[in-house]
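> This is a predicted model, with the sequence first.
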Amino acid sequence: MTASSSSRVAWLSGGDTQCPVLPPLPSRLFRLVLLGAPGVGKGTQAELLCERLGTCHLSTGDIFRAAKNPGQAKCSPALDAALGYMKRGELVPDQTVLDLVRERTGCIRCRGGFLLDGFPRTVAQAESFARILDQEHLQLDGVLNYDLAIDKVVARLGGRRTCPGCKAVFHVTSRPPRQEGICDHCGKSLLQREDDRPEAVRVRMEVYEKSTRPLTEFYRKRGLLVTIEAEGTPEEIYQRTLTALGSIGSGKSRKRLSSSAIGR
Ligand code: AP5
């Protein structure tokens, strides 16, 4: 299990799989998208937010990685092909991703809300996702856009270690596990992701600039974007995120949330 309150098995496995335990009804339900460059810390913030809000962390990257582990997801030919794109740092074709998300619409409807991480990632995906939400009579509450200079993002990726079992994320210096190389949550040995190799990281950053950054404009125009400065410790960024959620809740105008904005 991750630090999150749900096993996310319905999301990770797809098909007819149901989560054994439904998330508790949150005091305030959030349906959010997390945006930002690869390695900016979206997954780390999602873990912290899930602990607090009880919301599910729905990561498309985790679906693909789960497909590599027997028993965690059914590895269809499309998922098998997706793993090749991922390894090189390229985006998986929109159609594959959209099929996976449509198959998991139950997770989008979940009574606990959702934190989507890694989806949508192109304007075409965002347009299709808007149609899915319309069909389900659901609305996004906000899009949290984490922003950090690319050289700092690359340093975060270089030290990342992940748990193959529960998907928890650590960093060798900024977020080390209690015991070196071992997951705090489930005790499995931590691994370095294949796409964190320098050549794949370079491709991922280029792809981000070309295909994903335009999404900030897409969501700004719809009044959903909140940009959060991702400099500082995970806890500091988490506090900024909570402030951002407060502004979403009160309907205050959306702005960039930086360390100065919360009086650090
Ligand atoms: P995905 O799994 O979504 O990866 P990503 O977007 O590249 O994001 P990451 O998981 O790498 O980074 P993160 O922002 O979550 O950072 P983290 O919290 O781990 O996608 C992988 C691949 O799948 C894609 O390249 C693509 O091929 C495919 N894919 C997925 N979705 C797709 C889609 N919709 N369409 C097409 N293809 C798709 O943090 C990074 C490190 O920094 C960690 O070690 C962490 O401990 C550390 N850290 C975090 N915060 C801080 C901090 N404040 N200070 C210091 N260190 C920190």
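Good, I have the coordinates.

> need the residues of the stretch 101-250 of the chain near the ligand, please.
With the criterion set to C-beta under 6 Å from any ligand atom, the stretch 101-250 of the chain comes near the ligand through 118-119, 121, 125, 156-157, 159-160, 169-171, 174-175, 195, 204, 232-234, 237. C-beta here means a position set from N, CA and C on the backbone, and glycine is covered the same way.

> Which single residue in the chain comes nearest to the ligand?
Gly61 (1.8 Å; C-beta to the nearest ligand atom).

> Can I take it that Asn145 is in a strand?
Yes - under DSSP: H, G, I helix; E, B strand; the rest coil, Asn145 falls within a strand.

> what about Lys68, which SS state?
coil.

> what helix or strand does the residue nearest to it when sequence neighbours are not counted sit in?
In this structure, Lys68 finds its nearest non-sequential neighbour in Leu83, 6.4 Å apart by C-beta to C-beta, 6 or more residues apart in numbering. Taking DSSP states H and E as the definition, Leu83 sits inside helix 77-88.

> so who does Gln139 touch?
31, 133 (C-beta atoms under 8 Å, 6 or more residues apart in numbering).

> Find me the pLDDT at it, would you?
In the predicted model, Gln139 carries a pLDDT score of 94.

> what does Arg109 give?
On the pLDDT scale, Arg109 gets 92.

> Thr2 too?
Reading off the model, Thr2 has pLDDT 42.

> got it, and Ala67?
82.

> That one contacts Ala82, correct?
Yes - in this structure, Ala67 is within contact of Ala82 by C-beta atoms under 8 Å, at 7.4 Å.

> And the helix holding Leu83, what's buried?
Residues 79, 82, 85-86 are the ones in helix 77-88 that count as buried (16 or more other C-beta atoms under 10 Å).

> Identify, from those residues, the entry nearest to Thr243.
Met86 (33.3 Å; C-beta to C-beta).

> and the closest one, what is it in contact with?
61, 64-65, 92, 194-195 are the contacts of Met86 under C-beta under 8 Å, 6+ apart.

> pLDDT-wise, what's the bottom of these?
Comparing these by pLDDT, Arg65 comes last, at 86.

> can you pull the contacts of that residue?
Per C-beta under 8 Å, 6+ apart, neighbours of Arg65: 86, 164, 167, 193.
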